[in-house]
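[1] What would the 3D arrangement of this be:
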Amino acid sequence: MGSDHFDVIVIGTGPGGASLAHRLAPSGKRILLLERGGYLPRSERNWNSQTVFVDAAYQAEETWTNSTGDTFRPALHYYVGGNSKVYGGALFRLRERDFGEVAHSGGLSPAWPVGYDVFEPYYTQAERLFHVHGERGEDPLEPWTSGPYPFPAVSHEPKVAELVHNLRGIGLRPFHIPLGILLDEKDGLATPTSPCIRCSFYDGFPCPLNGKADAQVICVDPMLAKHPNVTLLTGAYVSKLGTDSTGRAVKGVHVTRGGREEVYSADIVVVACGALSSALLLLRSACDTHPHGLANQSGQLGRNYMRHNMSVLMAVMPEANETVFQKTMAFSDYYFGSDDWEYPLGLVQMCATSHSDQVRGEALPEWLHWLPEMPFEEIARHSMDFWLQAEDLPHPDNRVYYRDGKVHLDLIETNTEALAHLKRKLKQVLDRCGHNAIFLNRSLYLGKDIPLGGTAHQAGTARFGVDPASSVLDLDCKAHDLDNLYLADASFFPSIAAVNPTLTIIANALRVADCIAERLK
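    Residues are numbered from 1 along each chain as shown. Predicted coordinates:
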């Protein structure tokens with residue numbers, strides 16, 4: 001590789017790390033990307049529900065321990081592109097009110113140290129970079145924007161369009177989900193040259209056609225093809241970060257690759273492994289000058305972990321649902337409250353069509369009690385699937401850490417009433433629309449035997465702020481304690497709101513990249 005010293009080292013190739021590197025690549029600076037996994041195989045198996053959801057073939061082969069001492073397999077994916085290889089591509093902006101303090105039934109969601117106005121131009125750039133398809137003005141809670149969506153909204157299929165019509169008929173304002181997708185369509189059909197073909201395997205599946213706007217397809221591969229100053233190493237597990245004698249700068253990035261130990265260095269080091277893995281890397285980098293882990297002078301590293309309170313409801317209806325590409329509609333009418341509940345509830349969006357292998361893999365006895373004569377294929381064919389998410393509140397004892405050489409993830413559930421009320425409202429509005437349904441909870445959506453909220457939509461663990469005593473990062477997402485260490489994933493979030501976090505991760509990574517670029521001048 002020539003010199004082992006670079007201008008910038010980026011650890012992790014998910015949406016945060018890949019977007020930051022992509023932004024810096026035209027500078028000509030020497031950039032090293034480190035990814036612990038390889039490329040996710042392109043295979044017909046990518047479209048197999050049994051493989052992806054029931055067998056969890058692409059999920060990390062790790063065992064973690066929760067607060068009760070039980071072990072579980074985290075829903076993490078170590079590939080170029082990170083978890084975006086299997087994400088649903090829903091790229092929402094946080095609501096403008098989400099940046100302020102919000103009262104919930106379970107407590108307060110803290111204000112961010114900067115407002116929506118700081119993020120707005122980067123949201124616009126992120127939407128352009130990740131090919132977001134949407135329609136301005138439909139979402140009643142959409143914050144103000146400086147530009148239109150770069151691509152038109154993905155069209156509804158007839159059954160979803162019927163539901164949209166019925167929801168509007170009872171006074172709700174459903175809207176097209178803003179989707180990151182490489183889709184060209186005409187009259188509701190994918191064009192002959194469109195990478196995306198509007199299949200039923202978009203949400204939660206890796207796309208073998210590269211039609212999903214994930215971090216590998218959008219950032220990593222184009223960057224490597226265009227910029228020889230960028231180097232990617234796969235199979236590169238970063239075991240720790242070493243500091244200089246003062247403890248004020250990262251001096252060495254220690255990598256295990258192909259059974260060998262390697263050390264690289266850079267003027268700037270960016271950690272973007274995901275909120276959980278980034279915290280773990282900094283914790284295992286403890287040294288004499290940082291005995292509790294790098295960037296942990298505040299004692300907050302690994303704490304305030306958040307994930308949405310989430311549920312996937314399958315509404316089984318008398319009539320068949322022949323929708324193929326179902327993830328096109330959402331509604332936010334109860335995001336900040338409802339006529340019968342004064343506190344915020346959250347967001348309802350559709351998710352991918354159920355497949356019989358998924359239904360068979362997670363069927364519970366009560367399912368068969370309700371539907372004794374209906375085979376799994378028919379349950380799937382008669383279902384509509386909804387993803388519900390309410391805000392999880394930060395709590396210092398919700399944390400990831402090492403004990404006895406093992407990873408522990410402690411979780412105290414917060415704000416649980418909001419999700420219960422959101423489920424109730426969804427059932428209520430579908431009944432009012434005339435969609436008489438039996439509701440079944442799906443539990444395998446994020447992988448085999450994973451509690452649905454386990455490690456999905458991970459955020460927190462290294463919040464940013466102005467006070468080094470209560471935050472890990474400064475407002476530029478640089479560690480308070482170190483001069484050349486930045487983070488560029490969702491670990492900086494002070495709160496998680498109730499919309500999908502990926503667009504905010506991308507927008508912030510572009511913002512941090514601009515801070516680094518100015519420094520490198």
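[2] What segments of the stretch 351-500 of the chain are helices?
    356-362, 365-370, 376-381, 416-432 (DSSP state H, counting those that start in this stretch).
[3] Rounded mean pLDDT for the first one, please.
    Helix 356-362 shows an average pLDDT of 64 in the prediction.
[4] Okay, now the unreliable bits of the chain?
    1-3, 356-376, 442-456 (pLDDT under 70).
[5] try it again with 90
    Judged by pLDDT under 90, the chain has its weakly predicted residues at 1-3, 48-56, 59, 61, 66-75, 202-204, 310-320, 352-383, 434-457.
[6] And the helices in it?
    For the chain, the helices defined by DSSP state H cover 15-24, 49, 116-129, 158-169, 215, 221-226, 275-283, 356-362, 365-370, 376-381, 416-432, 502-520.
[7] Redo those as JSON lines? Include distance to Tyr343 and mean neighbour count.
    All C-beta atoms are positioned from the backbone trio N, CA, C, and that covers glycine. Output for the helices of the chain, formatted as JSON lines (distance: least, Cβ to Cβ, whole Å; neighbours: other Cβ atoms under 10 Å):
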{"stretch": "helix 15-24", "distance to Tyr343": "30", "mean neighbour count": "30"}
{"stretch": "helix 49", "distance to Tyr343": "36", "mean neighbour count": "23"}
{"stretch": "helix 116-129", "distance to Tyr343": "21", "mean neighbour count": "19"}
{"stretch": "helix 158-169", "distance to Tyr343": "22", "mean neighbour count": "16"}
{"stretch": "helix 215", "distance to Tyr343": "35", "mean neighbour count": "33"}
{"stretch": "helix 221-226", "distance to Tyr343": "43", "mean neighbour count": "15"}
{"stretch": "helix 275-283", "distance to Tyr343": "25", "mean neighbour count": "26"}
{"stretch": "helix 356-362", "distance to Tyr343": "31", "mean neighbour count": "20"}
{"stretch": "helix 365-370", "distance to Tyr343": "30", "mean neighbour count": "12"}
{"stretch": "helix 376-381", "distance to Tyr343": "34", "mean neighbour count": "18"}
{"stretch": "helix 416-432", "distance to Tyr343": "7", "mean neighbour count": "18"}
{"stretch": "helix 502-520", "distance to Tyr343": "22", "mean neighbour count": "23"}
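[8] of the ones you listed, which approaches Glu101 most closely?
    Relative to Glu101, the nearest member of these by Cβ to Cβ is helix 116-129, separated by 13.8 Å.
[9] Between helix 502-520 and the closest one, find me the angle.
    100 degrees (axes from the mean of the first three to the mean of the last three Cα atoms, to 10 degrees).
[10] quick one: contacts of helix 116-129?
    The contact list for helix 116-129 (Cβ atoms under 8 Å, 6 or more residues apart in numbering) reads 19, 22, 91, 93-94, 96, 98-99, 132, 134, 143-147, 149-150, 178, 218-219, 503-504, 506-508, 510-511.
[11] so what's the closest residue in space to Tyr335 that isn't next to it in sequence up against?
    Excluding its sequence neighbours, the residue lying closest to Tyr335 (Cβ to Cβ, 6 or more residues apart in numbering) is Leu141, at 5.5 Å. Leu141 is in contact with 95, 332, 335-336, counting by Cβ under 8 Å, 6+ apart.
[12] Check Ile412 too.
    67, 395, 397-398.
[13] Got a ChimeraX select line for the buried ones in those?
    Buried residues among the contacts of Ile412 (16 or more other Cβ atoms under 10 Å), as a ChimeraX selection:
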select :395,398
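[14] out of the contacts of Ile412, who's nearest Thr323?
    Once Cβ to Cβ is applied, the member of those that ends up nearest Thr323 is Asn398, at 36.7 Å.
[15] what number of residues lie near the closest residue to that closest one other than its chain neighbours?
    Of all residues not flanking Asn398 in the chain, Tyr305 sits nearest, at 4.6 Å (Cβ to Cβ, 6+ apart). The local packing of Tyr305 (other Cβ atoms under 10 Å) involves 27 other residues.
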